[in-house]
Every structure is written in structure tokens, then in C-alpha cells.
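Give the three-dimensional model of this entry:
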Amino acid sequence: MESEILKSLNIPQNTQICGIDEAGRGCVAGSLFVCGAILDKLPESLKNSLKDSKALSQKKRDALANALKEYAKFKIIKKEANAIDTKGLSSCIKEALEEILNTLYAPFYIFDGNCAFKIPHLKTLIKGDSKLYTISAASILAKNAKDAEMLKLHALYPHYDFAHNKGYGTKAHIQAIIAYGLSPIHRKSFQIKSLNFKTLF
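A predicted model of the protein is given here:
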């Protein structure tokens, strides 16, 4: 499976790859996390456990993230809500990708999705987090960082229930925003542009 995907991307087999994925792009609150990961000497048992982070329970995801930190070379870039509001989400993603490419060395870089943000040498792969181990690893590490942030923010702003919604715009989360207003860590620009309150209630 991986060999066919790499061939379609014109990447030779057994070539080092930096897989890149993000967590928190569609959130109403909290930061965006973009992670680049390179897997060098990964035990087969751990490699075979890697999946798209969304397909894993938080307990399993956190355990895998801790294991990956022992073996993977990785870089996580955090873009806070105020940066997203000021610069825009796309600009923040592009900045994070460029920082990863300038920090981690690999012959090839593959970002999960279909947009390379006009960055030279960056390949893309739709649903890459379920197709390539390196992107799965980046997905798990990014989501682990995002979840950890939201648990800390839950302690500061418990009425938004960040521990469960992780910053996504669930119906209960939107109801809390209507009741309590926006907190300092909500993305004000995203809330205005992307949430149609009339369709939620």
C-alpha cells in the first residue's frame, strides 16, 4: 500500500520522508498545531499501531504519542487564536509548514490534504494520515498537543467544556458562547465567518 502511494508521488522506496499534519484547523477555540515527523528506527509493533488520530481513542492516541516521542524526530508548531485572528488561518498554516521545512531535514515532505500553500518541495496527499505512517505519526502528535492544551484551558474556562469538545463548535459549545460570550482564547474571526447560528438552533 505505502509503496504504491510513494510511487504515485514519484518518491523512491526506502527514502526518508517527513510527514506533516495539523490539529485544530476547524476549531472555534484554542490553538492550531502543525507537526512534522520523521520515523527512522521505529519498532514494527509501534509502526503497525499507527492510524489517523481521529480513528483512535484519546487514551490510545496519548499512549502512541508518548511512544513516538521516544523514536521520532518531530517538530510541533503552535499558532494561537490571536495569531489566527490577526493573520488568518491559511497564513498561520503556511508559516508553520515553512518552519517545519526549515527545521527538519528530509529529502521529501508530504502534507496531509490537497493544498501545498505554494511552498516549493512540499507534496500533498489527501487522507494521508490514514495512508502513510509518517503522516499518521504527525497526526497523532499534533492531536495529542491540541488535546493537552484544551484540557488546560478547560480548567481556566470550565463552562465551555473544552475537555470534551476540544475547541470544536459543538451545539453545546455554541450554546455556552451565547450564554457566556467569547473567552480570550476563542477565535473571533472564525466564529463570525464560519458559524451560522441559525442552522444550529
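
how about residue 90, what does it touch?
With contact set as CB atoms under 8 Å, 6 or more residues apart in numbering, residue 90 has these partners: residue 117. Yep, even glycine has a C-beta here, placed from its N, CA and C like the rest.

ok, now residue 106?
Taking CB under 8 Å, 6+ apart as the test, what residue 106 contacts is 16-18, 38.

likewise residue 154?
By CB under 8 Å, 6+ apart, the neighbours of residue 154 are 160-163.

ditto for residue 89
By CB under 8 Å, 6+ apart, residue 89 lies in contact with 25, 32, 190.

Over to the second one: give its phi and psi.
Looking back up the chat, that one is residue 32. phi -100, psi 140 (degrees, to the nearest 10).

Can you check the pLDDT for residue 57?
Per-residue confidence (pLDDT) for residue 57: 83.

do residue 192 as well
Residue 192 is given a pLDDT of 54.

coming back round to it: need the contacts of residue 89 in TSV (columns: distance to residue 4 and neighbour count).
Supplementary listing: the contacts of residue 89 in TSV, determined by distance: CB to CB, whole Å; neighbours: other CB atoms under 10 Å:
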residue	distance to residue 4	neighbour count
25	28	18
32	31	25
190	37	20
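
In JSON lines, list the contacts of residue 154 along with neighbour count.
Shown next, in JSON lines, are the contacts of residue 154 (neighbours: other CB atoms under 10 Å):
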{"residue": "160", "neighbour count": "25"}
{"residue": "161", "neighbour count": "15"}
{"residue": "162", "neighbour count": "27"}
{"residue": "163", "neighbour count": "14"}
